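> Got a predicted model here, sequence first, then my questions.
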Amino acid sequence: MLLLIATASNQAQRWSYVEKKRVTIVQAHLIYQHNGCMRGVDRMDQNVATYSIIIRSKKWCWPFFSYCADVAMQNAWLLCRMTEGIKTSPTDQL
């Protein structure tokens, strides 16, 4: 049996079709921690999907290489945004 400890941060709002209103439920602490740490990962996935390398190939290693290149470009763009030079000449990821 799974014991859930209810705290103020482990509460979630869900729609109840039976009651026809929003109800408060207890959220597992692991789910709460996962959702709290996923913001940066979701944003990286969104940026990588927007400007990804699109070359079709039959080689099995190509998807791994292209994903690593996409993530490296995303990280370089984020580092560029943190520098002082970006304030004088703003650039987008494209």
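Received, thanks. Numbering: from 1, shown residues only.

> Show me what the helix or strand harbouring Met44 is packed up against.
According to DSSP states H and E, Met44 maps onto helix 39-50. Secondary-structure packing of helix 39-50 (3 or more Cβ pairs under 8 Å, 6 or more residues apart in numbering; DSSP states H and E): helix 62-81. No exception for glycine: its C-beta is placed from N, CA and C like everyone else's.

> And the next helix or strand past the helix it packs on?
Counting by DSSP H and E, what follows helix 62-81 is helix 85-88.

> quick one: that next one to chain centroid distance?
A distance of 26 Å separates the centroid of the chain from that of helix 85-88, by Cα atoms, centre = their mean, to the nearest Å.

> Stretch 13-20 too?
27 Å.

> got the end-to-end distance for it?
13 Å (Cα to Cα, to the nearest Å).

> ok, now stretch 13-21?
Start-to-end, stretch 13-21 (Cα to Cα) is 10 Å.
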